[in-house]
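Novice: Return atomic coordinates for the entry below.
(one chain, ligands or ions: 1)
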Amino acid sequence: MNYPHRSVLLHEVVQAFEGCSMPVFFDGTLGAGGHAEAILSAHPEIEHYLGCDRDPVAHAIAAKRLSSWEQKVEFIRGSYSEMGRFLDERKMDFVDGFLIDIGVSSMQLDVMERGFSFRGEGPLDMRMDPSSELTAEEIINSYAEKELERIFWEYGEEKQSRRAAAAIVQARKKKAIRTTDQLIEIVKPVLKWGKIHPATLIFQALRIAVNDELGELERGLDQAIARCRPGGRIAVISFHSLEDRIAKHRFKESEWKVAKRSRQQSGCLKILTKKPLEASDEECRDNPRSRSAKLRVVEKVSDQ
Ligand SMILES: C[S@@+](CC[C@H](N)C(=O)[O-])C[C@H]1O[C@@H](n2cnc3c(N)ncnc32)[C@H](O)[C@@H]1O
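Specialist: A predicted model of the protein is given here:
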């Protein structure tokens, strides 16, 4: 059966958990359930697969795909950064495996009414969780020029961030900016045309801000490190250099070390991927979205 979202680095993710016995697995970004299907197939010992996603649409699609494991899979609608609370509510102390595949899914990109895409007209929404409050429209129409500039520069690495922010502030004085098309018309003249659509980085930056994606990642990694059982593994797929840097640094901070002189131990993680794993040429050809994907994997070695 064809599913709307193609999972990236599928083979590499399965390999990341190879040899681990994982009664409890936490999938923080269930999406269309592609990684879940592969992990459940490779690990018949899984007793409880917690599939979390902010987006209710994901659950409906994944439920069909994972119907063979319906006794084991539990869908949780919420943010993976709240894993600790979800585990506490279920009276569970630890997980044996943790995966996040952060970013947007094809189900979100392809539905113009959700406003994630610059390829068609839609409202400036971009919320992964449709019940959350902040929308792209609110950011575009109410944030100060300096803050817009920071968002475009930091989250989009957009070199024309200042010009784009100024153009938006000028335009909104005349009329509120409500749709993706309106926003594109405003920023297009001040952005440089290159290999990608000129509004790509502006849209990416807004999506990251609306969904607090970097904050989610920082809090989620803390949860994963705290609640992973020694011997368990944590795998993170990111699509953005800022996200990859956050994962790299957070893992490095907690790397397990023994001081030469005092023999004192510190940290609790063994880094299994010194460099992040990337998609093969074949996968990049087949699924262009995988070109920017990076996978980092660590193992929890102690409970410190
Ligand atoms: C790239 S897709 C995941 C695809 C999935 N791994 C698969 O194989 O089908 C990312 C998903 O993560 C969800 N998501 C993003 N940030 C999240 C967060 N902080 N908490 C929970 N879900 C999140 C999105 O709603 C989206 O459905």
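Novice: Surely residue 44 is within a helix?
Specialist: No. Assessed with DSSP: H, G, I helix; E, B strand; the rest coil, residue 44 is coil; it does not lie in a helix.
Novice: Next, count neighbours for it.
Specialist: Using other C-beta atoms under 10 Å, residue 44 has 9 neighbouring residues. C-betas here are computed from N, CA, C, even on glycine.
Novice: And for residue 299?
Specialist: Using other C-beta under 10 Å, residue 299 has 18 other residues around it.
Novice: Confirm that it sits in a strand.
Specialist: Yes. Using three-state DSSP, the assignment for residue 299 is a strand.
Novice: So what sits opposite it in the bridge?
Specialist: Note on residue 299: beta-bridge partners by DSSP bridges are residue 233, residue 270.
Novice: and it, what does it touch?
Specialist: Remark: with contacts taken as C-beta atoms under 8 Å, 6 or more residues apart in numbering, residue 299 is in contact with 231, 232, 233, 234, 269, 270, 272.
Novice: Please determine how far the last one is located from residue 150.
Specialist: If you measure residue 272 against residue 150 using C-beta to C-beta, to the nearest Å, the figure is 35 Å.
Novice: could I have stretch 147-156 exported to PDB, CA atoms only?
Specialist: Extracted in PDB, the C-alpha atoms of stretch 147-156 (Å, rounded to 0.1, in the frame of the first residue of the first chain):
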ATOM      1  CA  GLU A 147      12.100  39.600  16.000                       C
ATOM      2  CA  LEU A 148      11.000  38.600  12.400                       C
ATOM      3  CA  GLU A 149      14.500  39.300  11.200                       C
ATOM      4  CA  ARG A 150      15.900  37.100  14.000                       C
ATOM      5  CA  ILE A 151      13.500  34.200  13.200                       C
ATOM      6  CA  PHE A 152      14.400  34.300   9.400                       C
ATOM      7  CA  TRP A 153      18.100  34.600  10.100                       C
ATOM      8  CA  GLU A 154      18.400  32.000  12.900                       C
ATOM      9  CA  TYR A 155      15.800  29.400  11.900                       C
ATOM     10  CA  GLY A 156      16.000  29.900   8.100                       C
END
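Novice: one step back: which of the contacts of residue 299 count as buried?
Specialist: The neighbour-count test (16 or more other C-beta atoms under 10 Å) marks 232, 233, 234, 269 as buried among those.
Novice: Tell me the residues of this protein that contact the ligand?
Specialist: Within the chain, the positions near the ligand by C-beta under 6 Å from any ligand atom are 5, 7, 28-29, 31-35, 52-55, 58, 79-81, 101-103, 105, 128, 216.
Novice: domains for this protein, by residue range?
Specialist: 10-107+213-300, 133-210 (automatic domain parsing).
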